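> Here is a sequence with its predicted model. Questions after.
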Amino acid sequence: EAGVTQSPRYAVLQEGQAVSFWCDPISGHDTLYWYQQPRDQGPQLLVYFRDEAVIDNSQLPSDRFSAVRPKGTNSTLKIQSAKQGDTATYLCASSPGGEQYFGPGTRLTVL
Amino acid sequence: GQQVQQSPASLVLQEGENAELQCNFSTSLNSMQWFYQRPGGSLVSLFYNPSGTKHSGRLTSTTVIKERRSSLHISSSQTTDSGTYLCALEHNSAGNKLTFGIGTRVLVRP
């Protein structure tokens, strides 16, 4: 069974540029999570979906970040106008309920 | 305050030594999930443990809800165990969100 896949694996941007991250969860998992992990810290939840519905986006900086999961399968996280403080690894996880399974992450550097 | 606290922050072991990593939490939980992460690597799930003791090879996880703690025991450590170990509390309200600790960095020397 394929695990959670993410792309790209790495991204380097100048401040002010936009970037999108893509996540393909494990087939059949109805819940999908996006986390931000700054260097040397634990991951912090940004947003999560059950099927196509956003359940909690309270930690998502809504002025520059957006996330969608239109068909309840793949998801895209987008950053408009990136800032240096967005430098981190962005992790996607999926779950059938309970245990979460993580993808390899996208390491973002904003110069 | 912090909902999940891990200790120690870092640990150096000689190969073959045992180690115990602690995770204390301040809120009610559905479960505790333990992860392993290499520098720049993904999170590998080690245990999903709502209560009691679970074993996997040289690793043992114990969660004691009444005492609000969970531990990860590594026996007969190997150099390949080096990395960061993270515990994450799965909340029992609203959607199984995980709140992570900051992690314990483990270095096993040959």
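Sure thing, it's come through.
> pLDDT score for whichever residue of chain B sits closest to chain A?
Per Cβ to the nearest Cβ, residue B:100 is where chain B lies closest to chain A, at 3.3 Å. All C-beta spots, glycine's among them, are computed from the backbone N, C-alpha and C. Residue B:100 is assigned 94 on the pLDDT scale.
> now it, nearest residue through space, not along the chain?
The spatial neighbour of residue B:100 that comes closest, neighbours along the chain excluded (Cβ to Cβ, 6 or more residues apart in numbering or on different chains), is residue A:42 at 3.3 Å.
> Return the residues in contact with that neighbour.
Applying Cβ atoms under 8 Å, 6 or more residues apart in numbering or on different chains to residue A:42 gives the contacts B:4, B:86, B:88, B:100-103.
> picking up where we left off before, dig out what the residue of chain B closest to chain A forms beta bridges with.
Note on residue B:100: beta-bridge partners residue B:88, judged by DSSP bridges.
> Give me the neighbour count for the nearest residue to residue B:83 once chain neighbours are set aside.
Spatial nearest neighbour of residue B:83, chain neighbours left out: residue B:38 (4.7 Å); criterion: Cβ to Cβ, 6+ apart. Around residue B:38 sit 12 other residues, with neighbours defined as other Cβ atoms under 10 Å in any protein chain shown.
> Then the one 3 residues further on?
As a burial measure, the neighbour count of residue B:41 was computed by other Cβ under 10 Å and equals 13.
> same question, residue A:5
Neighbours of residue A:5 (other Cβ under 10 Å): 14.
> And for residue A:106?
Other residues within reach of residue A:106, judged by other Cβ under 10 Å, total 22.
> didn't the residue of chain B closest to chain A look like it was pressed against residue A:44?
Yes: Residue B:100 lies in contact with residue A:44 (Cβ atoms under 8 Å); the separation is 7.3 Å.
> neighbour-wise, which of these two wins?
Taking other Cβ under 10 Å, residue B:100 and residue A:44 do not tie; residue B:100 has more neighbours (23 against 15).
> How about the contacts made by that one?
Contact analysis of residue B:100 by Cβ under 8 Å, 6+ apart lists A:42-44, B:4, B:86-88.
> and chain A, which of its residues are near chain B?
Applying Cβ under 8 Å from any Cβ of the partner chain, we find that chain A lies next to chain B at A:31, A:33, A:41-45, A:48, A:50, A:55-56, A:91, A:93, A:95, A:97-105, A:107.
> And the residues you listed, which of them are buried?
A:31, A:33, A:42-43, A:45, A:48, A:50, A:55-56, A:91, A:93, A:95, A:100-105, A:107 (16 or more other Cβ atoms under 10 Å in any protein chain shown).
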